[in-house]
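Q: sequence and predicted model, in that order:
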Amino acid sequence: MRKLLPAALGCLAFAALAQQPDTPLKEYPYSPGLDPGSMDRSVDPCVDFYKYSCGGWIAKNPIPSDQPKWEVYSKLNQDNLRFLWGILEEESKKKGGRNPSQQKIGDYFGACMDEDAVEKLGMKPLEPLLARIDALKSARDLGAVLAYLQLETGDSGFYFGFGSNQDFEDSNKMIAFAAAGGLGLPDRDYYTKDDEKSKEIRAQYLEHVQRMLVLLGDSPDAAKSKAATVMDIETVLAKASLTRVESRDPYNLFHKYDYPKLRKLTPSFDWPAYFKALAFTKTSIFNVTEPRFFEAFEKEISGRSLDEIRTYLRWHVAHSAAPYLSRAFVNENFAFYSKTLRGVPELKPRWKRCVALVDGQLGEALGQEFVRRTFGPDQKARTLKMTKQIEKAMEQDIREITWMGPQTRKNAIAKLHAIVNKIGYPDKWRDYSSVAIKPDDFFGNVLRAQRFESRRDLDKIGRPVDRGEWFMTPPSVNAYYNPQMNDINFAAGILQPPLFDAKMDDAPNYGNTGGTIGHELTHGFDDEGRQYDARGNLKDWWTKEDAARYTERAQCIVDQYSQYTIVDDIKINGKLTNGEDIADLGGLMLAWMAWKMETANQKLQPVDGLSPEQRFFVGNAQWACGSERPESLRVKAITDPHSPVKYRVNGLVVNMPQFQEAFQCRTGQPMAPEKRCRVW
Ligand SMILES: [Zn+2]
């Protein structure tokens with residue numbers, strides 16, 4: 001399930017040093033796909049390949065003061081934002097001559113940028129939401145109130161999330177999902193861990209909740225005791241929630257309930273009133289992802305006073321809406337979530353937050369403008385060709401691996417053949433015509449766009465699956481595999497230089513974008529993805545012996561990454577990052593195979609003192625150049641299924657004999673160990 005408005009809030013450091021020029025871009029910028037100037041050739045590639053490939057980039061690119069980390073991806077993302085800023089500024093100033101999409105994105109951006117108007121309103125926009133909470137007269141009223149708050153904000157912070165998703169056992173069906181939610185901190189572990197740092201963050205969180213409640217008008221004393229109530233409620237919900245590692249197993253998130261059974265699970269919650277307020281009528285079947293969580297929810301609402309419930313809801317309203325309110329709210333929200341939690345010194349400038357919001361709320365309207373200017377049919381064709389080659393390489397790989405028996409092999413190839421490639425942008429753009437966007441009503445625009453999205457999500461239930469749908473916007477510097485759609489998706493924003501450089505030869509492009517394509521493809525066969533079949537159904541297609549052999553190989557990767565340090569004494573949680581680590585390694589292996597096939601009849605020459613094979617590996621490593629603040633790394637350790645960038649390079653090459661050969665490393669050097677892992 002998806003949720004929530006994008007976190008349009010900022011972060012971070014070394015302000016004066018690294019300040020990016022704060023101007024919109026009129027031309028889309030270019031950086032080369034392999035840049036020798038980003039390397040540090042004083043480092044031995046066999047000792048630390050990441051530093052060898054990225055040392056120069058890191059030295060030249062300190063983390064800007066409004067960012068928690070700064071990587072090649074973040075820099076490209078910022079370029080995209082500045083380019084979109086240019087488009088939006090132009091559209092916001094036009095008086096006429098705009099099509100309906102341009103009117104919406106232009107007026108949304110203009111209203112968002114009018115900070116004085118936002119400031120004048122203070123907390124006034126919250127009044128209708130708070131009034132609904134104040135009017136709560138009994139626990140039975142909670143159904144209608146939660147429906148209202150969830151629809152308006154799209155936030156699963158009000159106890160739980162409710163929306164549509166493909167049925168795990170029949171991917172052709174869209175059914176209702178009720179999922180755990182209700183927390184203000186980034187993960188349930190923040191409430192349960194007992195180390196000093198976790199206790200300190202909880203104390204700072206209490207103070208933050210208190211200050212937010214004071215902004216809503218409470219006295220400091222009253223706010224202090226109310227903050228304790230919030231912490232109490234959230235701790236109960238957190239303890240009843242699955243850990244991120246437990247959530248990686250889809251069977252842990254799959255529990256079908258009919259309507260009577262759902263009502264019996266939480267008898268104190270008025271589901272009929274809730275559904276009536278949602279205008280939701282398709283009540284035949286539900287996936288309650290975490291029944292234990294809903295048992296805790298039942299105890300919470302039956303055992304709490306109405307005052308305590310109101311306090312909890314008031315906090316979440318303020319929390320959810322803070323980015324769209326006056327500076328006092330924006331700054332307090334920034335101070336805790338970015339500065340304290342992620343170490344970011346400075347709030348992002350308003351233009352950046354506003355561009356990100358247009359992208360988050362009207363992304364396919366803005367995306368059309370982006371695609372028209374940056375992503376032509378030739379780029380689409382070239383990426384598609386590379387994708388097909390990587391798929392061919394995977395087929396060959398599956399046919400050749402020795403640990404898999406014939407039956408599983410046949411199923412694996414059937415699954416591979418069924419994967420759908422989606423490149424750049426959707427074939428059919430989302431229709432926002434029913435969303436009213438006004439040039440002078442920022443908060444209203446946010447709510448209306450969110451209501452549209454909540455409605456769109458709920459309306460999918462009981463309808464045929466839209467297999468053309470995208471779950472990210474075209475300018476995103478991102479890609480994903482969706483196990484139930486069984487498709488791989490690459491946004492136009494990630495198929496740009498320096499990640500994909502049409503002016504460069506194949507070696508760095510296969511290393512970089514080829515590796516990304518292979519990565520997404522491998523997700524279909526990682527610890528999670530392998531549990532879904534060719535049709536996207538949760539169904540075991542492995543023989544027992546092959547599953548055991550797979551698990552043994554995956555465990556080799558878990559053990560490898562669990563030894564790497566993220567920050568201070570915190571190691572990678574190798575079970576949490578297993579899927580991504582497997583995808584990284586598999587992806588690069590497949591990219592290598594595809595590149596070798598593509599260039600089999602070419603005579604390749606060294607460039608800048610690097611052999612073609614070396615350029616493949618450096619080209620790959622240079623997607624990952626970057627650094628991250630220690631506070632942000634701590635959040636990452638708990639919440640992020642990706643390993644830190646350094647290990648997304650060094651952790652791969654140690655497993656590839658092709659790397660050892662390309663750089664002539666001696667066995668036993670850090671990048672050429674004797675023991676290697678390999679899954680795909
Ligand atoms: Zn991934």
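A: Thanks, I have it.

Q: counting contacts, what elements does the lengthiest helix in the chain pack onto?
A: In the chain, taking DSSP state H as the definition, the longest helix is helix 377-400. When contacts are defined as 3 or more C-beta pairs under 8 Å, 6 or more residues apart in numbering; DSSP states H and E, helix 377-400 packs onto helix 406-418, strand 420-424, strand 487-491, helix 515-523, helix 578-598. C-beta coordinates here come from the backbone N, C-alpha and C atoms, glycine included.

Q: got these as CSV, with mean pLDDT columns?
A: Below are these laid out as CSV (pLDDT from 0 to 100):
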stretch, mean pLDDT
helix 406-418, 98
strand 420-424, 98
strand 487-491, 97
helix 515-523, 98
helix 578-598, 98
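
Q: give me the pLDDT for the spatially most central residue of the chain.
A: Nearest to the geometric centre of the chain sits Asn478, at 8.6 Å (C-alpha atoms, centre = their mean). According to the prediction, Asn478 has pLDDT 97.

Q: low-confidence stretches in this structure?
A: Low-confidence segments of the chain (pLDDT under 70): 1-21.

Q: residues from it in reach of the ion?
A: Counting by C-beta under 5 Å from the ion, the residues of the chain lying close to the ion are Glu580, Ala583.

Q: can you map out the strands along the chain?
A: For the chain, the strands defined by DSSP state E cover 69-71, 160-167, 170-180, 256-257, 286-288, 420-424, 479-482, 487-491, 565-567, 570-571, 626-628.

Q: please name whichever of these is nearest to Leu213.
A: Proximity to Leu213 (C-beta to C-beta) singles out strand 160-167 among the strands of the chain, at 22.3 Å.

Q: that closest one pairs with which strands, and in what direction?
A: strand 170-180 (antiparallel) (DSSP bridges).

Q: run the chain-centre distance for the strand it pairs with.
A: Chain-centre distance of strand 170-180: 20 Å, with C-alpha atoms, centre = their mean, to the nearest Å.

Q: hmm, back to that, buried deepest among the strands of the chain, which one?
A: Most buried of those by mean neighbour count (mean count of other C-beta atoms under 10 Å) is strand 487-491; its value is a mean of 24.

Q: what does the longest helix of the chain contact?
A: With C-beta atoms under 8 Å, 6 or more residues apart in numbering as the test, helix 377-400 has contacts from 404, 409, 412-413, 416-417, 419, 421, 423-424, 488, 490, 495, 500, 502, 509-510, 513-514, 517-518, 521-522, 589-591, 593-594, 597-598, 680.

Q: now swap in stretch 560-571 and tell me
A: So stretch 560-571 is contacted by 572-574, 577-578, 581, 630, 633-634, 636-637, 643-644, 647, 651, 654-655, 677 (C-beta under 8 Å, 6+ apart).

Q: buried ones among those?
A: The neighbour-count test (16 or more other C-beta atoms under 10 Å) applied to those identifies 572-574, 577-578, 581, 633-634, 636-637, 643-644, 647, 651, 654-655, 677 as buried.

Q: run through the bridge partners of the closest residue in space to Ile63 that isn't next to it in sequence.
A: Leaving out its chain neighbours, the residue that sits closest to Ile63 by C-beta to C-beta, 6 or more residues apart in numbering is Trp70, at 4.2 Å. Note on Trp70: beta-bridge partners by DSSP bridges are Ser627.

Q: right, and Trp70 touches Cys625 too?
A: No. The pair Trp70 and Cys625 fails to qualify as a contact (C-beta atoms under 8 Å) at a distance of 9.4 Å.

Q: joint contacts of these two?
A: With C-beta under 8 Å, 6+ apart, Trp70 and Cys625 have common neighbours Asn61.

Q: restricted to buried residues, select the contacts of helix 377-400 in ChimeraX.
A: ChimeraX command restricting the contacts of helix 377-400 to the buried ones, with burial defined by 16+ other C-beta under 10 Å:
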select :404,409,412,416,419,421,423,424,488,490,495,500,509,510,513,514,517,518,521,522,589,590,591,593,594,598,680
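
Q: Pro426: neighbouring residues, count only.
A: Look at Pro426: counted by other C-beta atoms under 10 Å, it has 18 neighbours.

Q: list phi and psi for it.
A: Per-residue torsions, Pro426: phi -70, psi 150 (degrees, to the nearest 10).

Q: nearest residue to it in space, please, no chain neighbours.
A: In space, and not counting its chain neighbours, Pro426 is closest to Trp470: 4.9 Å by C-beta to C-beta, 6+ apart.

Q: right, I'll leave it there.
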